[in-house]
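Enquirer: Got a predicted model here, sequence first, then my questions.
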Amino acid sequence: MLSIKDLNTYYGNIHALKGINMEIEQGEIVSLIGSNGAGKTTTLGSIAGLIPARSGSVIFKGQDITNVPAHNLVKLGISLSPEGREVFPALSVQENLRLGAYIKTDKAKIKESFERVYDLFPRLRERINQSAGTLSGGEQQMLAIGRALMCEPELLLLDEPSLGLAPNLVLMIFELIESINKKHGTTILLIEQNANMALSISHRAYVLETGRISMFGKACDLANDPRVKKAYLGQM
Ligand code: ATP
């Protein structure tokens, strides 16, 4: 579904991505793990047209989408839930979600999308009219993911959904990500520092180290790899 070939991205003279290659098949959850500054957010940004790639290509369902701006990707079926829960604090839950469906005009379809998101996140339904800025961190994260789901993407790009959340909420968010994939067949690319949780729900994974993919394979194999255990899972 998504094929990334020899992607190179720079910030001025800093060579942040040094020839990234990744493949994501339809229906998979694939995670990209790596430590701080490895280039995870840059990879996602370059896929989503937010950070221009200097060379290489991103192909989505046979179509070259390299450096296509993020707002044009939504129409093609790609949606991004950004790091840091960038919800609009003064707007209500419902209004934030509505913004995620901006490409839709059919009222019945929009209603269907709302129902789908509220079924996944009953907590958001309970807080429909509450302003997003007053939600807890976990709820804001749900809202950011829900907003990305409002346009019913085929491919969902998730940037660090567990960042800054208490451990019980982290577990809940990962269970929700798994259920989005299982219930709706949404393909998911998950960027995560929490390698343990990411590997536990992913089919496959890539390990990023200073702008290069250093390892990749089935998530269960990586979770048992001594190098991954030592560097990313806090095990000896
Ligand atoms: P984190 O989890 O800490 O966000 P990351 O793996 O997502 O880390 P990136 O944010 O993609 O890493 O950063 C990759 C490299 O690019 C880092 O060395 C970082 O310092 C550098 N970088 C990121 N953004 C910029 C920028 N706007 N200008 C210059 N360098 C940048």
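Expert: Ah, there it is.

Enquirer: didn't Ile180 look like it was pressed against Leu120?
Expert: Yes - counting by C-beta atoms under 8 Å, Ile180 does reach Leu120; the two are 6.5 Å apart. For every residue, glycine as well, the C-beta is placed using N, CA and C.

Enquirer: which residues do those two both contact?
Expert: Residues touching both Ile180 and Leu120 (C-beta atoms under 8 Å, 6 or more residues apart in numbering): Leu149.

Enquirer: Of these two, which one has the most company?
Expert: More crowded of Ile180 and Leu120, by other C-beta atoms under 10 Å: Ile180, with 23 against 19.

Enquirer: Which elements pack onto whichever strand or helix holds the more buried one?
Expert: Per DSSP states H and E: Ile180 is located in helix 167-184. Applying 3 or more C-beta pairs under 8 Å, 6 or more residues apart in numbering; DSSP states H and E, one finds that helix 167-184 makes contact with strand 29-33, helix 107-120, helix 137-149, strand 187-192, helix 195-201.

Enquirer: Could you report the neighbour count for Thr105?
Expert: Using other C-beta under 10 Å, the number of residues around Thr105 comes to 8.

Enquirer: Wait, a helix at Ser3?
Expert: No - applying DSSP: H, G, I helix; E, B strand; the rest coil, one finds Ser3 to be strand, outside a helix.

Enquirer: Give me the spatial nearest neighbour of it, chain neighbours excluded.
Expert: In space, and not counting its chain neighbours, Ser3 is closest to Ile59: 4.4 Å by C-beta to C-beta, 6 or more residues apart in numbering.

Enquirer: Quick check, that neighbour in contact with Ile65.
Expert: Yes - at 7.0 Å, Ile59 and Ile65 qualify as touching, with contact defined as C-beta under 8 Å.

Enquirer: between those two, who's got more neighbours?
Expert: Shown here are Ile59 and Ile65; by other C-beta under 10 Å, Ile65 has more neighbours (19 against 15).

Enquirer: what's near enough to touch the residue nearest to the spatial centre of the chain?
Expert: Central residue of the chain (C-alpha atoms, centre = their mean): Leu158, 1.1 Å from the mean position. Residues near Leu158 by C-beta under 8 Å, 6+ apart: 81, 145, 148, 177, 188-191.

Enquirer: Right, I'll leave it there.
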